[in-house]
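Engineer: What follows is a predicted protein model with its sequence.
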Amino acid sequence: MIARAAALIALAFAAPALAKPIADAPIVFPDHFDPIGTPVQAVQTASGRTVHFTDTGEAGWKPLLLIGGVGTSGRAPELVAFLDTMRRRLKVRIIAVERNGLGDTAYDPDWTFADYTSDVKLVLDKLGIGQFSLAAISGGGAYAGHVVAAMPQRITSWHMLAAVSSSPADGKACGVDQATLEAQLAPQVQAPRIWWEMPRDGVAAHVRGFDDRTADEGARAFFIAGQKGDTRGVAREYKRFCDAPAQINGLKAPAYFYYGMADKLVPPSHGAFWGKQVDGKVTYRTYPGEGHDVQYRHWDQLLLDVAGYGDRTLVCDSGRAHLVAGPVDPGKLAKGRTLGVCAWAN
């Protein structure tokens, strides 16, 4: 009886047998996690101010500094992540440096274009990046001009998508004081979906979830650090555009300017202003009938230009995308052809 009890106890505490692996299981399990967004990093200036930035981080890839539009945070590159597979295939690494009073970055009323240029240098030096491509979207253009002016020798190519040279549209922001402008912007800043309202027949009609992602970006820029819809940062951006634009000398790198001919907010004349200051080759990519969302609609072409295919144009022909030599006049595309990846034709 005692022996039988002992055997039962031993059986109860015995280690369970390991299940045999199923040799023909159709599942391939990952050995790493999928990215859920580029993390925000931080570095301090010599004076103790914190600079926030993002970096997709692929060592050895082509570095691209991306400056987002008015009121965007350091996570603005996530707005073009709908072409991230293409970015990775072309081996383009994206860095973004956050601006004053947006996202995680505290508001400083005395912060200037020169401070942004200094912040960019600090981040690039921290990452060990010497030369880089530069792209700016919409209001980011004014900042890009100062970056180019400050370090033309480090720029390998310059790209401006519907990007400003000075105050956009009719310059109404220049005729009011800071406090008045803050009050005027409050209804939009405190409701990111209103701030980011896009044309329904534009990019949002093709990219699933784009509207939601832009609203998320607005919430991050204006609320993430407890700003509670603080309008100071974005109002100061608009006022900053009223200053004289940067004057550029010595840029020998190729420049590419992408503008919609129907863009009433930032017309192609802004690109023409920048083009006159470039010593190297300038390629104007203009799009008849297109408005301000050129900045996202033609991100595929920008990636190709950054990656070294600037002498080609991406065209979708009857469901198959391919590169064609030289520039293409969008108004003369044959029936069944569209610019960019074929996803735009769907």
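Structural biologist: On my side now, so go ahead. Residues are numbered from 1 along each chain as shown.

Engineer: pLDDT wise, what is residue 26 at?
Structural biologist: pLDDT for residue 26: 79.

Engineer: Look at it and say how many residues are nearby.
Structural biologist: Counted with other Cβ atoms under 10 Å, the neighbours of residue 26 add up to 5. The C-beta positions use only the backbone N, C-alpha and C, and glycine is treated the same way.

Engineer: Could you give the secondary structure assignment for residue 343?
Structural biologist: Assigned by DSSP: H, G, I helix; E, B strand; the rest coil, the conformation of residue 343 is helix.

Engineer: list the contacts for the closest residue to it other than its chain neighbours?
Structural biologist: Excluding the flanking residues, the one nearest residue 343 by Cβ to Cβ, 6 or more residues apart in numbering is residue 206, at 6.7 Å. Residue 206 is in contact with 343-344, 346, counting by Cβ atoms under 8 Å, 6 or more residues apart in numbering.

Engineer: Tell me which residues touch the residue positioned nearest the centre of the chain, please.
Structural biologist: The chain has residue 77 as the residue nearest its centroid, 3.0 Å off, counting by Cα atoms, centre = their mean. Residues counted as contacts of residue 77 (Cβ under 8 Å, 6+ apart) are 38, 54, 56, 66, 68, 94, 96.

Engineer: Between which two of those residues is the distance greatest?
Structural biologist: Spanning the widest gap among these are 56 and 68, at 14.6 Å by Cβ to Cβ.

Engineer: which of the two has more neighbours?
Structural biologist: Ranked by neighbour count (other Cβ under 10 Å), residue 56 and residue 68 place residue 68 first, with 29 against 19.

Engineer: returning to that earlier point: now the residue nearest to residue 343: how far from residue 264?
Structural biologist: 22 Å (Cβ to Cβ, to the nearest Å).

Engineer: quick revisit: for the contacts of residue 77, which one is nearest residue 185?
Structural biologist: Within the contacts of residue 77, the smallest distance to residue 185 is 17.1 Å, found for residue 68 (Cβ to Cβ).

Engineer: quick one: the nearest residue to the closest one once chain neighbours are set aside and residue 52, what's the gap?
Structural biologist: Once flanking residues are discounted, residue 68 sits nearest to residue 76: 3.0 Å by Cβ to Cβ, 6+ apart. Distance from residue 76 to residue 52, counting by Cβ to Cβ: 12 Å.

Engineer: those helices in the stretch 201-346 of the chain, which residues are they?
Structural biologist: 210-223, 232-240, 269-275, 294-297, 299-306 (DSSP state H, counting those that start in this stretch).

Engineer: and what of the stretch 51-200 of the chain?
Structural biologist: For the stretch 51-200 of the chain, applying DSSP H, counting those that start in this stretch gives helices covering 84-90, 113-126, 140-150, 178-189, 192-195.

Engineer: that older thread, just the pLDDT for the residue nearest to the centre of the chain.
Structural biologist: For residue 77, pLDDT reads 97.

Engineer: Ok, residue 8 next?
Structural biologist: Taking residue 8 on its own, its pLDDT is 48.

Engineer: Then residue 12?
Structural biologist: pLDDT, residue 12: 49.

Engineer: same check, this time on residue 170
Structural biologist: pLDDT recorded at residue 170 is 64.

Engineer: Next: residue 243.
Structural biologist: pLDDT recorded at residue 243 is 91.

Engineer: Residue 171: which of the helices of the stretch 201-346 of the chain is closest?
Structural biologist: Comparison of these against residue 171 by Cβ to Cβ identifies helix 232-240 as nearest, at 9.4 Å.

Engineer: How far away from the center of its chain is that closest one?
Structural biologist: A distance of 19 Å separates the centroid of the chain from that of helix 232-240, by Cα atoms, centre = their mean, to the nearest Å.

Engineer: Which strands or helices does that helix pack on?
Structural biologist: If you count contacts as 3 or more Cβ pairs under 8 Å, 6 or more residues apart in numbering; DSSP states H and E, helix 232-240 packs onto helix 178-189, helix 210-223.

Engineer: got the buried residues for stretch 30-42?
Structural biologist: With burial defined by 16 or more other Cβ atoms under 10 Å, the residues of stretch 30-42 counted as buried are 38, 40-41.

Engineer: Please disregard the earlier target; I meant stretch 71-85.
Structural biologist: Buried positions in stretch 71-85, judged by neighbour count with 16+ other Cβ under 10 Å: 71-83.

Engineer: Taking those, tell me the two that lie furthest apart.
Structural biologist: By the measure Cβ to Cβ, 71 and 83 form the most distant pair in these, at 22.4 Å.

Engineer: quick one on the thing from earlier: JSON lines for the buried residues of stretch 71-85, including distance to residue 251?
Structural biologist: Converted to JSON lines, the buried residues of stretch 71-85 look like this (distance: Cβ to Cβ, whole Å):
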{"residue": "71", "distance to residue 251": "27"}
{"residue": "72", "distance to residue 251": "24"}
{"residue": "73", "distance to residue 251": "28"}
{"residue": "74", "distance to residue 251": "25"}
{"residue": "75", "distance to residue 251": "28"}
{"residue": "76", "distance to residue 251": "24"}
{"residue": "77", "distance to residue 251": "23"}
{"residue": "78", "distance to residue 251": "29"}
{"residue": "79", "distance to residue 251": "27"}
{"residue": "80", "distance to residue 251": "24"}
{"residue": "81", "distance to residue 251": "29"}
{"residue": "82", "distance to residue 251": "30"}
{"residue": "83", "distance to residue 251": "27"}
